[in-house]
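**Q** Could you look at this predicted model? Sequence included:
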Amino acid sequence: MKLLSRLLPLTALMLLLAGCGEANLTALDPQGPVAEMQLSLIKLSLYVMIFVIVVVFAIFAFVLWRYREKPGDKHIPKQVEGNHTLELIWTTVPILLLIILAIPNVMDTFTLANVEADENSITVKVTGHQFWWEFEYPDHDIVAGQDMYIPTNTKIIVQLEAADVMHSFWVPALAGKQDNVPGITNDMWIKAENPGIYKGKCTELCGEAHWLMDFKVVAVEPEVFEKWVANMNQEAEPVSELAEAGREVFQASCIGCHAVGGVGGNPVMGGPDLTNFGERTVYAGFLEPTDENLEEWLRNPSGVKPGNKMPAFNHLNDDDMKALIEYMKGLKVLD
Ligand code: HEC
Ligand SMILES: [Cu+2]
């Protein structure tokens, strides 16, 4: 009963922590060959460790029981020094286990380090900024913000860089972490088997809003990717008169920092490319995509995401704000 009362809170805690996992934000449900390789290495190491623990504890328990003190038996056991057979066993078995671990580890390390291009691979330069992500496609002359679009079943060569401080690129369903370091390019590759939206996080403490520096890898069929590429260098037509008016506000206040359709932006103090902003599933990396959230973001960005570098536009009147929001929601490239 006492044991049970101790185990219950522990079980409750475990269930609670299990609930912390977000869909897609797990390395245990791999969605591509890189994550699959890494998970199989994790599993292999785990099995080897479990084997060692079970064997050691079994021998330990047996010896405790077999050589326990027996009532009345006061004689000193036979004193032995060294045992060749035992020594041979406990030297060879660990060596064998290490070889079992080493072979797939070394093989996979080479496979994972191979960032050589193949005939249909695509290169994406990923730059971490405080506190957002930039995805540049040098072969296609495209820059995208926050959402990294990739075609399915295609090798994506990822070149990691940082604009300010260190960040770290992690899309658990597709691959393990790799750092973005200022002045250095770190290479890795990923591949997604199925279309889907895979969540990513910055995993290097990079400042106040580090924990909100989320992004998405959006894997789409190759035909959809072609369409995306073709449309990312042009601005969507405003859908209404209101959006047209919003476009003017945008041209006057925002274009100097945010590019749309390849025009505008600022490499030093600018923010994410907004060409396909209307297709974001979250705003600024983490906000539910509602008009209210967008307005709150525009009026008081650092109240929503502490320490970020976007200036507040609280001076915009209600009409301009409404028009601007209408325009921004219409910035789409896929429909
Ligand atoms: C001085 C440069 C600057 C100006 C001017 C500016 N922004 Fe930004 N903006 C940023 C930066 C930097 C970020 C990234 C903030 C972050 O998430 O850390 C950003 C982020 C955003 C985002 C979130 C983007 C996303 O991909 O989810 C939106 C929306 C946005 N800005 C809209 C606007 C609008 C509309 C205007 C004009 C009214 C504007 N910005 C003016 C710098 C600027
Ligand atoms: Cu970061």
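**A** That came through fine. Ligands and ions are numbered 1, 2, ... in the order given.
**Q** what mean pLDDT does the helix or strand Ile150 falls within have?
**A** Using DSSP states H and E, Ile150 maps to strand 147-151. In this model, strand 147-151 has an average pLDDT of 98.
**Q** Report whether that strand contacts ligand 1.
**A** No. For strand 147-151, no contact with ligand 1 is found by C-beta under 6 Å from any ligand atom; the gap never falls below 7.9 Å. (Glycine included, C-beta is placed from N, CA and C.)
**Q** what lines up beside that strand in the sheet?
**A** Using DSSP bridges, the strands paired with strand 147-151 are strand 214-220 (parallel).
**Q** quick one, helices of the stretch 151-300 of the chain?
**A** 222-231, 241-253, 291-299 (DSSP state H, counting those that start in this stretch).
**Q** mind putting these in CSV, mean pLDDT and distance to Gly278 included?
**A** Formatted as CSV, the helices of the stretch 151-300 of the chain follow (pLDDT from 0 to 100; distance: least, C-beta to C-beta, whole Å):
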stretch, mean pLDDT, distance to Gly278
helix 222-231, 96, 12
helix 241-253, 96, 10
helix 291-299, 97, 11
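**Q** Make CSV out of those helices and add mean neighbour count.
**A** Shown next, in CSV, are the helices of the stretch 151-300 of the chain (neighbours: other C-beta atoms under 10 Å):
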stretch, mean neighbour count
helix 222-231, 16
helix 241-253, 17
helix 291-299, 16
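**Q** Which one, of those helices, ends up nearest to Ala323?
**A** helix 241-253 (3.6 Å; C-beta to C-beta).
**Q** report the angle between the axes of the closest one and helix 291-299?
**A** Relative orientation of helix 241-253 versus helix 291-299 (axes from the mean of the first three to the mean of the last three C-alpha atoms, to 10 degrees): 20 degrees.
**Q** does any part of helix 241-253 sit near ligand 1?
**A** Yes. Interface with ligand 1: helix 241-253 contributes 250, 253 (C-beta under 6 Å from any ligand atom).
**Q** How many residues are close by Arg66?
**A** A total of 7 residues lie near Arg66 under the criterion other C-beta atoms under 10 Å.
**Q** Now do it against ligand 2, distance only.
**A** Separation of Arg66 from ligand 2 (C-beta to the ion, to the nearest Å) stands at 57 Å.
**Q** and what of Glu288?
**A** Glu288 is 22 Å from ligand 2, where distance means C-beta to the ion.
**Q** Next one: that residue, what pLDDT does it get?
**A** pLDDT recorded at Glu288 is 96.
**Q** How about Thr275?
**A** Thr275 is given a pLDDT of 97.
**Q** so how many other residues sit close to it?
**A** Neighbours around Thr275, by other C-beta under 10 Å: 28.
**Q** for it, phi and psi?
**A** The phi/psi pair for Thr275 (degrees, to the nearest 10) reads phi -50, psi -40.
**Q** Is it correct that it is in contact with His258?
**A** No. The criterion here is C-beta atoms under 8 Å, and Thr275 misses it with His258 at 9.3 Å.
**Q** can you pull the contacts of the residue in the stretch 1-150 of the chain that ligand 2 sits nearest to?
**A** Nearest residue of the stretch 1-150 of the chain to ligand 2: Gly128, at 5.3 Å (C-beta to the ion). Listed by C-beta atoms under 8 Å, 6 or more residues apart in numbering, the contact set of Gly128 reads 160-164, 166-169, 180, 202, 206, 213.
**Q** which one of those residues has the most neighbours?
**A** His167 leads the contacts of Gly128 on contacts (other C-beta under 10 Å) with 30 neighbours.
**Q** Next one: the closest residue to it other than its chain neighbours from Met232, what distance?
**A** Once flanking residues are discounted, His167 sits nearest to Gly128: 3.0 Å by C-beta to C-beta, 6 or more residues apart in numbering. Separation of Gly128 from Met232 (C-beta to C-beta, to the nearest Å): 21 Å.
**Q** before we move on, what about Asp320?
**A** Going from Asp320 to Met232 by C-beta to C-beta gives 27 Å.
**Q** ok, the two, which is more surrounded?
**A** It is Met232, of Asp320 and Met232, that has more neighbours when counted by other C-beta under 10 Å, with 21 against 18.
**Q** quick revisit: what about the residue of the stretch 1-150 of the chain closest to ligand 2, which SS state?
**A** strand (DSSP: H, G, I helix; E, B strand; the rest coil).
**Q** Give the bridge partners for it, please.
**A** Under the criterion used (DSSP bridges), Gly128 bridges to Trp133, Ala162.
**Q** For it, give its distance to Gly200.
**A** 11 Å.
**Q** what residues do those two have in common as contacts?
**A** Phe169.
**Q** Please identify the buried residues of stretch 256-269?
**A** 257-261, 264-265 (16 or more other C-beta atoms under 10 Å).
**Q** of those residues, closest to ligand 1?
**A** Cys257 (3.0 Å; C-beta to the nearest ligand atom).
**Q** Contacts only, for the closest residue to the closest one other than its chain neighbours.
**A** Using C-beta to C-beta, 6+ apart and skipping residues adjacent in sequence, the residue nearest Cys257 is Gly270, 4.2 Å away. Gly270 is in contact with 256-259, counting by C-beta under 8 Å, 6+ apart.
**Q** So what's the residue count around Asn120?
**A** 10.
**Q** List the contacts of the nearest residue to it once chain neighbours are set aside.
**A** Spatial nearest neighbour of Asn120, chain neighbours left out: Thr154 (5.9 Å); criterion: C-beta to C-beta, 6+ apart. Residues in contact with Thr154, defined by C-beta under 8 Å, 6+ apart, are 120-122, 191, 222.
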